[in-house]
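[1] 3D, please:
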Amino acid sequence: MPSLVTILIRALDVAFQILWWLVLIYVILSWLPVPRWHPAVRLVNRLVEPMLRPFRAVLRVGAGGIDFSPLILLLVVSVVRMLLVALLRGLPHG
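    Residues are numbered from 1 along each chain as shown. Just a heads-up that it's a prediction; the model follows:
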């Protein structure tokens, strides 16, 4: 039977993978001519936009119109995921 720490690691890993894919879907949808009013598009925007705002405030999108905030968010999500999983793996398994 898996320990509580193992279950927590798996749950966090899945949550971070879902978040990573949501950001990637957000980026792909921004490139496609899809209607912004579609419920799926609105859901993805509603979930991802709040996480992008702090990065956009720092990066100040403008020159060339290229928004690097999703890339930075993907990197942050990946690093936080790795750190949390490593930290949890270091806990004693009971």
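
[2] Pro2 and Leu22, how far apart?
    Distance of Pro2 to Leu22, computed by CB to CB, to the nearest Å: 26 Å. No exception for glycine: its C-beta is placed from N, CA and C like everyone else's.

[3] those two: which is more packed in?
    Legend: neighbour count by other CB atoms under 10 Å for Pro2 and Leu22, higher for Leu22 (16 against 10).

[4] residues touching that one, list them.
    Leu22 is in contact with 44, 47-48, counting by CB atoms under 8 Å, 6 or more residues apart in numbering.

[5] switch the residues you listed over to JSON lines; also include secondary structure, distance to Pro70 and pLDDT.
    Shown next, in JSON lines, are the contacts of Leu22 (DSSP: H, G, I helix; E, B strand; the rest coil; distance: CB to CB, whole Å; pLDDT from 0 to 100):
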{"residue": "Val44", "secondary structure": "helix", "distance to Pro70": "12", "pLDDT": "96"}
{"residue": "Leu47", "secondary structure": "helix", "distance to Pro70": "13", "pLDDT": "96"}
{"residue": "Val48", "secondary structure": "helix", "distance to Pro70": "8", "pLDDT": "97"}
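
[6] by neighbours, which of these wins?
    Highest count within the contacts of Leu22 by other CB under 10 Å belongs to Val48, 21 neighbours.

[7] top helix in this structure by residue count?
    Longest helix of the chain, by residue count under DSSP state H: helix 4-31.

[8] how about that one: buried residues?
    By neighbour count on 16 or more other CB atoms under 10 Å, the buried set for helix 4-31 is 9, 16, 19, 22-23, 26-27, 29.

[9] now it: mean pLDDT?
    Mean pLDDT, helix 4-31: 92.

[10] can you give the distance of that helix from its chain's centre?
    Taking CA atoms, centre = their mean, to the nearest Å, one finds helix 4-31 lying 6 Å from the centre of the chain it belongs to.
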